[in-house]
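Enquirer: missing the sequence, but the structure's below:
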């Protein structure tokens, strides 16, 4: 996939073709996403490119029964011809909107303007959607871009200011993308775009709230990636270690248990940038793995014999 973006170079604005690539980093060598790493780590090599976008979403391929079912139904409906691009009705059997049942009457639902954006965008049972023709939609967009120049209302400006200040206050306590003036400019553009989409000359308080909700959905200011806290504790990091086998562990001190503890230590090392662990920290990892507390000494001995963990001092160990 290739995109064209404008990059300032030597006080001149030029277009450059940017192609997707896999950077040569320890993260890409494993071809996986480490939840213990910072959110910005997967895109830190492309910080200048990511700054060109108002919204950056980190999409994780995680098993989700509902999302996987909706996606599979949509793909199969498109290829079997069951999906009609001009209109559709949401039914209970086809929540993804891929059904073409005519027995369900279209219902008009009054939406609460104060409800969250995600709730207002959700397709309701029996709701029918008639798509706008592409030609008309293109004219609508061109008209709004040329003639509609919305300005922020006082209430919208206050909401954006407070939200930006909140992001700035939490930029050290939470693991987020760098919060700079770029985020404030993005919030203003998103708010104005929300008003322009409805051909309004003034961006209201509701437009600002929608823009803030979109920004939160990217993970900025929340400290979460796909529902996993980026500032997780050691016990939470241990729970992120996947099981290597579906069979239960024969022993909490066996090779499989030691391997899981070693994986948890590696994740904790990437999180804290330190290879030194105290006995208390090791005990927290063992508890997070749901091992018996009495198994710690046996696991430490096994890792020490394997040369993976060395004792550096009283109650201090180093991961090799």
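Expert: Thanks, I have the structure now. Keep in mind that what you see is a predicted model, and the values were worked out from it rather than measured.

Enquirer: need the helix or strand of this structure with the lowest average pLDDT.
Expert: helix 26-30 (a mean of 44; mean pLDDT, DSSP states H and E).

Enquirer: pLDDT weak spots in the chain?
Expert: Low-confidence segments of the chain, defined by pLDDT under 70: 1-51, 58-62, 82-111, 113, 171-178, 219-251.

Enquirer: what's the spacing between the closest residue to residue 132 other than its chain neighbours and residue 134?
Expert: Spatial nearest neighbour of residue 132, chain neighbours left out: residue 140 (7.5 Å); criterion: CB to CB, 6 or more residues apart in numbering. In short, each C-beta sits where N, CA and C put it, glycine included. Plainly put, residue 140 is 10 Å away from residue 134 if you go by CB to CB, to the nearest Å.

Enquirer: For these two, indicate the residue with more neighbours.
Expert: residue 140 (13 against 8; other CB atoms under 10 Å).

Enquirer: and the more buried one, that one's in a helix?
Expert: Yes: the assignment for residue 140 by DSSP: H, G, I helix; E, B strand; the rest coil puts it in a helix.

Enquirer: Select the longest helix from the chain.
Expert: Ranked by residue count, the top helix of the chain under DSSP state H comes out as helix 255-272.

Enquirer: Tell me the first helix or strand C-terminal of that helix.
Expert: As assigned by DSSP states H and E, the chain's next helix or strand after helix 255-272 is strand 276-278.

Enquirer: What helices and strands are in contact with that following strand?
Expert: Counting contacts by 3 or more CB pairs under 8 Å, 6 or more residues apart in numbering; DSSP states H and E, strand 276-278 is packed against strand 316-319.

Enquirer: Show me which residues of the strand it packs on are buried.
Expert: Neighbour counts over strand 316-319 (16 or more other CB atoms under 10 Å) mark 317, 319 as buried.

Enquirer: Correct me if wrong, but residue 76 is in a strand.
Expert: No: Residue 76 is assigned helix when assessed by three-state DSSP, not a strand.

Enquirer: What are the boundaries of the helices in the stretch 151-300 of the chain?
Expert: 154-169, 181-196, 205-217, 234-239, 255-272, 279-288, 296-305 (DSSP state H, counting those that start in this stretch).

Enquirer: mind checking which of these is nearest residue 144?
Expert: Residue 144 sits nearest to helix 181-196 of all the helices of the stretch 151-300 of the chain, at 5.0 Å, using CB to CB.

Enquirer: so how many other residues sit close to residue 256?
Expert: By the measure other CB under 10 Å, the count of residues near residue 256 is 17.

Enquirer: ditto for residue 68
Expert: Residue 68: 11 surrounding residues under other CB under 10 Å.

Enquirer: And it, which helix or strand is it part of?
Expert: Here residue 68 is assigned to helix 65-80, by DSSP H and E.

Enquirer: circling back to that earlier point, what's the angle between the longest helix of the chain and helix 279-288?
Expert: Using axes from the mean of the first three to the mean of the last three CA atoms, to 10 degrees, the inter-axis angle of helix 255-272 relative to helix 279-288 is 120 degrees.

Enquirer: Could you name the helices and strands sitting against helix 255-272?
Expert: Short answer (3+ CB pairs under 8 Å, 6+ apart): helix 255-272 packs on helix 234-239, helix 279-288, helix 296-305, strand 316-319.

Enquirer: could these be laid out in JSON lines, adding distance to residue 121?
Expert: What follows is the helices and strands packed on helix 255-272, written out as JSON lines (distance: least, CB to CB, whole Å):
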{"stretch": "helix 234-239", "distance to residue 121": "31"}
{"stretch": "helix 279-288", "distance to residue 121": "37"}
{"stretch": "helix 296-305", "distance to residue 121": "48"}
{"stretch": "strand 316-319", "distance to residue 121": "46"}
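
Enquirer: can you tell me how far the closest residue to residue 296 other than its chain neighbours sits from residue 70?
Expert: Spatial nearest neighbour of residue 296, chain neighbours left out: residue 286 (5.2 Å); criterion: CB to CB, 6+ apart. Relative to residue 70, residue 286 is positioned 39 Å away (CB to CB).

Enquirer: So these two - more neighbours on which side?
Expert: The neighbour count for residue 286 versus residue 70, taken as other CB under 10 Å, is higher for residue 286 (25 against 16).

Enquirer: my read: the more buried one touches residue 297, true?
Expert: No: counting by CB atoms under 8 Å, residue 286 stays clear of residue 297, with 10.3 Å between them.

Enquirer: Give me the neighbour count for residue 79.
Expert: 9.

Enquirer: scratch that, residue 141
Expert: 12.
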